[in-house]
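**Student:** heads up, no residue letters with this:
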């Protein structure tokens, strides 16, 4: 196993998890809502690719984005909007419930065994092959799409009116509303962006491995959420870095563990998580001097 | 004195409901009796969840890990040692060569649950509430992963069968009663009261020197012990188990029970456990295909999950304190004051009280 | 008339309604009353003071004008139109600006970004040219530190930023909540002089303060609030009458009520 290869693969998967983390952290930042149901957006986009696999690739991708964005918007409109003033513990349970209800919908509609979204598997062909290093197109796509969406989000937040309003709302929602920042607009924008991120994740993951099951998005969301906690959930940057870190670690350990022990990959990852939390409970990337005491 | 008696009276409704389910369970057919037993075991699990979540206000997704530990420990240790090598050839010798009684296995299940909860809690309980809740997934994932693949301690991915089915209806009643009494005692102990006070107003609690993290750790450990016990009851009820039965889906269903009932009170935990368990049982029957009067209903697989998810989400949105309002049911208020017509206004619900100024 | 249609029709028959009318307003937090059926109004171009001890309900009154407090009775009207049921952001966008207690600037954003947020509610329909104020001239400091993080400013500078931000929405009604709180005396003077200038440009002001004497002096009228009720009304001429102010402030229950 070549270490360059291991590293490149790990960065690729890290980028995908960073995209999951951005989607989650934006919503957490703006409305203090931990959205477990984010994974269902990924699954919805995945099943859209299953259904649309016979269509031209750009059309299928556009449909996947559309479905994820509409579902994200609907979730907020139907369920989460009523929880704006609720405690974080309450909203956490609510999003968990929505996640399982949607998982049941996938189960009823598509069955438990999974369906194949086989439209981008040509990306598994090697793109670069030199001296034992094989870099597949899908890894390049992960890096590229991850980088572009990260950059686009940064630009949106820092260079646009709605981005400025989102940052203000994340810092102090009430003060922002007193200035005329429309709560509905800011929150809808956050959900729409998270929908786009979820669709991108679904596209990248199915390109690597086309099987979509009802729990397709849930597992990656749980891992990314834990990554966000490890990184520091109060800031978008630390949360995104946490997401990247857990994806990176997952891929790295997956390659480093001897094949007989590879089944223990989740244990290894989560054990490292617990150790990191023991050492730095405020978040791995949180600035020095930050404390957990502010919000219990 | 009267305040203390008032409190003890509050323990009666949960206990009576558990006994009532047991009594009704004796009058039904054998198949339905098993379902009633299952409901009581679920109630025990929900009470275990309640001990941590209800008192601390921190949502934990990890308590089912301790149910899993209890279930597999109790299961593996009560299978006769003669059959263990054929079922689980890889087992550590000291596990393979020893077998204990079902009762002993319940004690073992509680102790293991408490121990693992304590060790995990040392790391997790230092986090703030929301982060701690999410991080409890790490415990669930590790326990599930290890139980699923480590064949030296259990059956791995295979189903563990031939476990003595010693949890009958009355054993389940006793188990649930025991959990309820322990939960009640903790809730009114010094630690429990401090933790509940901190749930309402963490800064104030810290200001008067309450070490919230320490009390959370204690509640987490106690909850782990009860969850282990409930896992032991579960495995002796169903007689066989796989790791998938004590993972995400059970986490979801039991959390739904607690939330629907009202996560702030023992009464809520028991009521929610009973209602959602019965709902679950009968929906699953309809999924398998059943006749209700002249109509034959055959719901698609997943319908149960969907309906419980929608019920849970609706309760959280419309009535965040659950159907009991997260209050204990006080028989005194119920019986005594009614005729005066005095509306003793209950304390306002914990959530969302805006602060003046 | 650039007034809203309903108000314009009314104006043909009767004199224009006051900019702000508080009509038997009552606010409760979880059943605990904070404001008990108070009524008063502020006319165009007026500056009205609201003074009183901590916890009197002054801040709550301001927040309920902004639709950010649980109103249980009565109503607030701006230019004759009821604000009942309207959202905070819509009230802000209709030309009412609040400089909240504790300033609530966004410390992580730059000064320029904070100011840009103030412009969200600006209505470019030219309806209130009288409130056109060059905040950069009024508070040179916000121009000087444009690119700094707002959190790096001193308390006095942050207060100036907060007022500047509110003015950028070109409000015709400006609500200020304890703008002098926690500031050094020299900075307080800057704030007061800015308030005088803002008022000279014709902006209607409701000022909540704990510094009673200077508020009474500065405002056209001042109300003393205590325990959720208005206890007395004071004219600027009474600013020197310390006894009257203190009686109204503290001992009001005996003589302040009918």
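**Tutor:** Nice, thanks for sending it over. This is a predicted model, so every value here is computed, not measured. Numbers count the residues shown, from 1 in each chain, chains lettered A, B, ... in the order given.
**Student:** next one: residue A:153 from chain B, what distance?
**Tutor:** 22 Å (Cβ to the nearest Cβ, to the nearest Å). Every residue, glycine included, has its C-beta placed from N, CA and C.
**Student:** got the contact list for that residue?
**Tutor:** A:22, A:26, A:193 (Cβ atoms under 8 Å, 6 or more residues apart in numbering or on different chains).
**Student:** does it lie in a helix or a strand, and which?
**Tutor:** For residue A:153, the host element (DSSP states H and E) is helix A:137-159.
**Student:** list the buried ones in that helix?
**Tutor:** A:137, A:138, A:139, A:141, A:142, A:143, A:145, A:146, A:149, A:150, A:153, A:157 (16 or more other Cβ atoms under 10 Å in any protein chain shown).
**Student:** before we move on, the earlier item: so how do I select the buried members of the contacts of residue A:153 in PyMOL?
**Tutor:** Selecting the buried subset of these in PyMOL, with 16+ other Cβ under 10 Å as the burial test, is done by:
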select buried, chain A and resi 22+26+193
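**Student:** pick out the residue of chain B closest to chain A.
**Tutor:** Across chain B, the shortest distance to chain A (Cβ to the nearest Cβ) belongs to residue B:309, at 2.9 Å.
**Student:** count of neighbours near the nearest residue to that residue once chain neighbours are set aside?
**Tutor:** Closest residue to residue B:309 apart from its sequence neighbours, by Cβ to Cβ, 6 or more residues apart in numbering or on different chains: residue A:101 at 2.9 Å. As a burial measure, residue A:101 scores 23 neighbours (other Cβ atoms under 10 Å in any protein chain shown).
**Student:** residue A:101 is in contact with residue B:310, isn't it?
**Tutor:** Yes - in this structure, residue A:101 is within contact of residue B:310 by Cβ atoms under 8 Å, at 5.3 Å.
**Student:** let me see the contact set for residue 12.
**Tutor:** The chain I'm using is chain A. A:138, A:139, A:142, A:143, A:146, A:251.
**Student:** my question was about chain B, not that one.
**Tutor:** Shown in contact with residue B:12 (Cβ under 8 Å, 6+ apart): residue B:331.
**Student:** quick one: the residue of the stretch 51-200 of chain A found nearest chain C from chain B, how far?
**Tutor:** Residue of the stretch 51-200 of chain A nearest chain C, by Cβ to the nearest Cβ: residue A:180 (3.4 Å). Distance of residue A:180 to chain B, given as Cβ to the nearest Cβ: 22 Å.
**Student:** isn't there a strand covering that residue?
**Tutor:** No - under DSSP: H, G, I helix; E, B strand; the rest coil, residue A:180 sits outside any strand and is assigned coil.
**Student:** from what I can see it touches residue C:121, true?
**Tutor:** Yes - the pair residue A:180 / residue C:121 is scored as a contact, 3.4 Å apart, by Cβ under 8 Å.
**Student:** so what sits against both of the two?
**Tutor:** Counting by Cβ under 8 Å, 6+ apart, the common neighbours of residue A:180 and residue C:121 are C:92, C:93, C:169.
**Student:** residues near the closest residue to chain B within the stretch 151-258 of chain C, how many?
**Tutor:** For the stretch 151-258 of chain C, the residue closest to chain B is residue C:228, as judged by Cβ to the nearest Cβ, at 10.5 Å. Residues lying near residue C:228 (other Cβ under 10 Å) number 23.
**Student:** show me what contacts residue C:163?
**Tutor:** Counting by Cβ under 8 Å, 6+ apart, residue C:163 makes contact with C:99, C:139, C:176, C:179, C:191, C:194, C:198.
**Student:** and the host helix or strand of it, average pLDDT?
**Tutor:** Per DSSP H and E: residue C:163 is located in helix C:155-167. For helix C:155-167, mean pLDDT is 93.
**Student:** what packs against the helix or strand following that helix?
**Tutor:** Once the chain leaves helix C:155-167, the next helix or strand it forms, by DSSP H and E, is strand C:173-177. When contacts are defined as 3 or more Cβ pairs under 8 Å, 6 or more residues apart in numbering or on different chains; DSSP states H and E, strand C:173-177 packs onto helix C:58-65, strand C:96-99, helix C:155-167, strand C:204-209.
**Student:** one more pass at 7 Å, please.
**Tutor:** Strand C:173-177 sits against helix C:58-65, strand C:96-99, strand C:204-209, with contacts defined as 3 or more Cβ pairs under 7 Å, 6 or more residues apart in numbering or on different chains; DSSP states H and E.
**Student:** highest mean neighbour count out of these?
**Tutor:** Most buried of these by mean neighbour count (mean count of other Cβ atoms under 10 Å in any protein chain shown) is strand C:96-99; its value is a mean of 28.
**Student:** packing partners for that one?
**Tutor:** helix C:155-167, strand C:173-177.
**Student:** what would those look like in TSV with distance to residue C:51?
**Tutor:** Formatted as TSV, these follow (distance: least, Cβ to Cβ, whole Å):
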stretch	distance to residue C:51
helix C:155-167	18
strand C:173-177	12
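**Student:** could the buried residues of helix A:137-159 go into JSON lines alongside pLDDT?
**Tutor:** As requested, these are exported to JSON lines (pLDDT from 0 to 100):
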{"residue": "A:137", "pLDDT": "90"}
{"residue": "A:138", "pLDDT": "90"}
{"residue": "A:139", "pLDDT": "91"}
{"residue": "A:141", "pLDDT": "92"}
{"residue": "A:142", "pLDDT": "94"}
{"residue": "A:143", "pLDDT": "92"}
{"residue": "A:145", "pLDDT": "94"}
{"residue": "A:146", "pLDDT": "93"}
{"residue": "A:149", "pLDDT": "95"}
{"residue": "A:150", "pLDDT": "92"}
{"residue": "A:153", "pLDDT": "94"}
{"residue": "A:157", "pLDDT": "93"}
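**Student:** residues touching the residue positioned nearest the centre of chain C, list them.
**Tutor:** Nearest to the mean C-alpha position of chain C, by Cα atoms, centre = their mean, lies residue C:175 at 1.5 Å. Taking Cβ atoms under 7 Å, 6 or more residues apart in numbering or on different chains as the criterion, residue C:175 is in contact with C:62, C:65, C:96, C:97, C:98, C:206.
**Student:** for the fourth one, give me its contacts.
**Tutor:** Remark: with contacts taken as Cβ under 7 Å, 6+ apart, residue C:97 is in contact with C:166, C:169, C:171, C:174, C:175.
**Student:** in the sheet, who's paired with it?
**Tutor:** For residue C:97, the beta-bridge partners are residue C:174 (DSSP bridges).
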